[in-house]
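Colleague: coordinates only, sequence not included:
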């Protein structure tokens with residue numbers, strides 16, 4: 001638009017110069033007596049001044065628009081640079097997690113921090129992060145490790161419970177054995193044996209040493225009285 005106004009101003013100037021010498025050439029309207037140098041100066045002088053003013057105004061507006069455009073471009077560039085810097089920092093954090101084989105549960109906090117930082121980015125900033133797949137792989141590895149750790153914890157707990165149950169059962173069995181042993185010994189010593197009037201042994205029924213005499217007595221009483229078992233019948 002500024003070029004158009006400048007061109008019109010220039011044409012008015014040319015017409016003004018020509019009209020000074022040949023007014024009728026540049027004034028094509030009205031009566032012949034009105035085609036004078038004075039009217040040429042009036043018409044084309046005013047036109048030239050008007051177009052120069054419009055040209056000046058348009059140039060100022062263009063300068064302002066250009067300045068505003070430059071300011072917007074600078075602001076956009078600053079925003080892009082800031083986004084690139086933020087995205088670069090996130091990429092560095094994620095890059096530390098690239099080797100999935102070295103990922104352990106100790107790095108679960110680092111993986112979580114990287115995810116939180118990434119999720120806090122704007123949509124434009126997220127598009128600048130080129131290694132999101134590294135973070136995803138690390139998260140999958142942590143999930144697998146946590147599942148395995150949970151299974152191991154359950155297995156260890158079950159093994160401990162089983163061990164405690166077995167220990168309790170074994171202890172209870174030992175107590176029962178200790179309790180039953182005297183009873184069994186008592187029962188063993190309570191059956192009937194036989195002694196003679198003159199002998200120092202106790203015998204089973206039918207032992208050949210019982211032909212002379214046979215006195216019934218409990219085994220415990222025989223033992224308490226000092227009798228010893230017969231080596232023949234082994235009562």
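Modeller: Sure thing, it's come through. The model shown is predicted, which means the values in this text are computed figures rather than measured ones. Numbers count the residues shown, from 1 in each chain.

Colleague: separation between residue 162 and residue 153?
Modeller: 15 Å (Cβ to Cβ, to the nearest Å). Quick note: C-beta positions are derived from backbone N, CA and C, even for glycine.

Colleague: Also residue 128?
Modeller: 41 Å.

Colleague: So between the two, which is more surrounded?
Modeller: residue 128 (17 against 10; other Cβ atoms under 10 Å).

Colleague: end-to-end on stretch 215-226?
Modeller: Start and end residues of stretch 215-226 are separated by 15 Å (Cα to Cα, to the nearest Å).

Colleague: Next: stretch 118-133.
Modeller: 12 Å.

Colleague: Quick check: buried residues in it?
Modeller: Of all the residues in stretch 118-133, those buried under the rule 16 or more other Cβ atoms under 10 Å are 118, 121, 125, 128, 129, 131.

Colleague: where exactly do the strands run in the chain?
Modeller: 192-195, 201-203, 215-218, 228-229 (DSSP state E).

Colleague: what's the closest of those strands to residue 105?
Modeller: Nearest to residue 105, of all those, is strand 228-229, at 70.5 Å by Cβ to Cβ.

Colleague: Which other helices and strands does the closest one contact?
Modeller: strand 201-203 (3 or more Cβ pairs under 8 Å, 6 or more residues apart in numbering; DSSP states H and E).

Colleague: tally of neighbours for residue 54?
Modeller: Residue 54 has 17 neighbouring residues, counting by other Cβ under 10 Å.

Colleague: got it, and residue 209?
Modeller: Neighbourhood size, residue 209 [other Cβ under 10 Å]: 16.

Colleague: And for it, nearest residue in space, chain neighbours not counted?
Modeller: residue 203 (5.8 Å; Cβ to Cβ, 6 or more residues apart in numbering).

Colleague: show me the contacts for the one you found.
Modeller: Contacts for residue 203 (Cβ atoms under 8 Å, 6 or more residues apart in numbering) come out as 193, 194, 195, 196, 209, 210, 230, 232, 233, 235.

Colleague: Out of the buried residues of stretch 118-133, list just those in helices.
Modeller: The members of those that map onto helices under DSSP state H are 118, 125.

Colleague: thinking again about what came up before, quick check: the farthest pair among the contacts of residue 203?
Modeller: It's 195 and 232 that sit farthest apart of those, by Cβ to Cβ, at 14.1 Å.

Colleague: Who has more neighbours out of those two?
Modeller: Neighbour count, other Cβ under 10 Å: between residue 195 and residue 232, residue 195 has more, with 22 against 12.
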